[in-house]
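Undergrad: Fold the following, please.
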Amino acid sequence: MIRSNLPAEANITKQNIKRMEKLVIKGKKPGPHIVLLAGVHGDEYEPMAACRKIYRELRNSLEKGKISIVPNVNPTAYQAGTRFGSDGLDLARICPGREDGTPSEQAAHAVSRLIRKADMLVDMHTGGLLYDIFPLAGYMLSEDAGILEIQRKMARSFLLPLVWGTDPLPNGRTLSVARDERIPAIYLEYGGGSGFRRRVVKTYVKGFLNLLKQFDMIHGKPEVLEEFYWVEDARPDSGYLQGKMPSPADGICMPRVKTGEQIRKGDEWATILDPATGDKVRLYADIDGLVFLQRTIAKVQKGDALGGILPITGPGKVKFDAAGGSVPF
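TA: Residues are numbered from 1 along each chain as shown. Reported below is the predicted structural model:
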C-alpha cells in the first residue's frame, strides 16, 4: 500500500470545510457562550497550539457557560502555510462568506454562522510570516456603551501591554460579523515571523483563563495589569496594518528599530538596499510613538508595509476621534 506523506488537511473536501471542526466545553452551570478562534490565517501557528492547550486545561473545569473552540478556521491556508486559502482569498476580508463558494468562502461562512451564536468572540492571531507585532488586544469601537465596555474588559483581561480600539467600519472580518450581531468581540496579536514562540502560547492561555475569571466562568481571582498602553483611534482604517509605513523602493529592508521601542519623528526606521546597484533609500518616522509592527521578511517591494507606529509616548490612555483630534477618555 502506498501511503501519502501529505498532511490530513490535503484531503480537505467541501463537505468537511462546511462542517468545521470545533471543540466544545460545557460548564456545570449556565453562563456566557464564548467562541475562541485560531487559524484564520494559515501561517499563524501559536494560536492553534494555544487552542489545544486551553481545551485540555478546561474540559473538566469550566464552572459556567460554554466555550466553542476552532483551532483551525481556515484549513486550506494552513495546508499551504500562508495567510491565504487555496483560492487565493484572505478569510479575514471575506466574512460572512458563502456556503456554496470557494474553500475560503465556505470556511468564512461556517465560522460566521458560529460567531452569530456567541455571547463573546475572541479571535487569536500573530503577525504570520510577514510581521512581528507588539503584544496587543484589539477591538472595534462601538457606539453602544455597554458593548464597548465589555470589549474593554475582555481586552484588558489578557494582560497584554497594548490595548487598541480601532475604526468600527471595516467589513469582511470575524469582528465585523460580531459587530453586526451586537456581540462583544476582541482580537489578539503577538509575535510572528518564522519559527515557533512558546511564550505566545503561554501568554494566550494565561490571558484566556484570566478572561474566564473576569466573567466568573472559572474559579479564581482575576489579575489586573496596572500599567499599559491604551489607544482608541476612530480614524478611518486605523487598524489596517497592511497600509502602514509603505516601502519607498524595491530591495532589502534593513530595519533600525524593534517592536516595543519608542521612536521620534525623523528617526531612521529602515534602509532599503538595492543589491544590484548598491543604491540606498532611507525611511524615517513621521511621528513620535511606539513601534508596534515590524516587517520580518527582508526582501520588499515598493509599497509594502514595513511597520507601524502608535502615537503614544508612554503608558496611559490616548483617544483620537475620526478627524484625528484628541478627545477625553
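Undergrad: Quick check: Arg256 vs Lys244, distance?
TA: 16 Å (Cβ to Cβ, to the nearest Å). C-beta: built from backbone N, CA, C; applies to glycine.
Undergrad: Spatially nearest residue to Thr174 (excluding sequence neighbours)?
TA: Spatial nearest neighbour of Thr174, chain neighbours left out: Asp123 (4.9 Å); criterion: Cβ to Cβ, 6 or more residues apart in numbering.
Undergrad: next structured bit after the strand or helix carrying Asp123?
TA: Applying DSSP states H and E as the criterion places Asp123 in strand 120-124. Counting by DSSP H and E, the next helix or strand C-terminal to strand 120-124 is strand 131-140.
Undergrad: relative to strand 120-124, how tilted is that following strand?
TA: 170 degrees (axes from the mean of the first three to the mean of the last three Cα atoms, to 10 degrees).
Undergrad: Give the next helix or strand downstream of strand 131-140.
TA: Next along the chain after strand 131-140, taking DSSP H and E as the criterion, comes helix 145-157.
Undergrad: Name the residues that touch that next one?
TA: The contact list for helix 145-157 (Cβ atoms under 8 Å, 6 or more residues apart in numbering) reads 120, 122, 137-142, 163, 165, 182, 184-186, 207, 210-211, 213-214, 222, 224-225, 228.
Undergrad: could you check the angle strand 131-140 makes with that helix?
TA: 150 degrees.
Undergrad: how about helix 145-157: buried residues?
TA: Ile147, Leu148, Ile150, Gln151, Arg152, Met154, Ala155, Arg156, Ser157 (16 or more other Cβ atoms under 10 Å).
Undergrad: ok, now stretch 240-253?
TA: Under 16+ other Cβ under 10 Å, the buried positions of stretch 240-253 are Leu241, Lys244, Met245, Ser247, Pro248, Ala249, Gly251, Cys253.
Undergrad: What residues are bridge-paired with the nearest residue to the last one once chain neighbours are set aside?
TA: To tie it back to what came earlier, the one meant is Cys253. For Cys253, ignoring the flanking residues on the chain, the nearest one in space by Cβ to Cβ, 6+ apart is Val300 at 4.7 Å. For Val300, the beta-bridge partners are Gly251 (DSSP bridges).
Undergrad: Check Pro328 and give its pLDDT.
TA: Looking at Pro328, its pLDDT is 66.
Undergrad: got it, and Lys18?
TA: 56.
Undergrad: Let me see the contact set for Ser112.
TA: Cys95, Pro96, Gly97, Thr174, Val177.
Undergrad: Please tell me how far the last one sits from Ser112.
TA: Taking Cβ to Cβ as the measure, Val177 falls 5 Å from Ser112.
Undergrad: Mutual contacts of those two, please.
TA: With Cβ under 8 Å, 6+ apart, Val177 and Ser112 have common neighbours Cys95, Pro96.
Undergrad: what about this structure, any weak spots by pLDDT?
TA: 1-19, 242-243, 328 (pLDDT under 70).
Undergrad: most centrally placed residue in it?
TA: By Cα atoms, centre = their mean, the chain has its centre lying nearest to His125, at 3.6 Å.
Undergrad: got the residue ranges for the strands in the stretch 51-200 of the chain?
TA: For the stretch 51-200 of the chain, applying DSSP state E, counting those that start in this stretch gives strands covering 64-70, 120-124, 131-140, 162-166, 185-191.
Undergrad: Minimum distance to Leu91: which of those strands has it?
TA: Closest approach to Leu91 among those (Cβ to Cβ): strand 120-124, 10.8 Å.
Undergrad: which among the contacts of helix 145-157 end up buried?
TA: 120, 122, 137-142, 163, 165, 184-186, 207, 210-211, 213-214, 222, 228.
Undergrad: tell me the contacts of the residue lying closest to Asp321 once chain neighbours are set aside?
TA: Distances taken as Cβ to Cβ, 6+ apart place Val327 nearest to Asp321, at 5.0 Å, with adjacent residues excluded. Counting by Cβ under 8 Å, 6+ apart, Val327 makes contact with Lys319, Phe320, Asp321.
Undergrad: Now, of these, which are buried?
TA: For the contacts of Val327, buried by 16+ other Cβ under 10 Å: Lys319, Phe320.
Undergrad: re the thing from before, out of the buried residues of helix 145-157, flag the one nearest to Glu268.
TA: Nearest member of these to Glu268, counting by Cβ to Cβ, is Ala155, at 32.3 Å.
Undergrad: Could you check how far stretch 39-59 is from the centre of its chain?
TA: Between the centre of stretch 39-59 and the centre of its chain there are 13 Å (Cα atoms, centre = their mean, to the nearest Å).
Undergrad: buried ones in it?
TA: Those would be 39-51, 54-55, 58, for stretch 39-59 by 16+ other Cβ under 10 Å.
Undergrad: Nearest to Val24, out of these: which one, please.
TA: So of the buried residues of stretch 39-59, ranked by how close each gets to Val24 (Cβ to Cβ), first place is Tyr55, at 9.2 Å.
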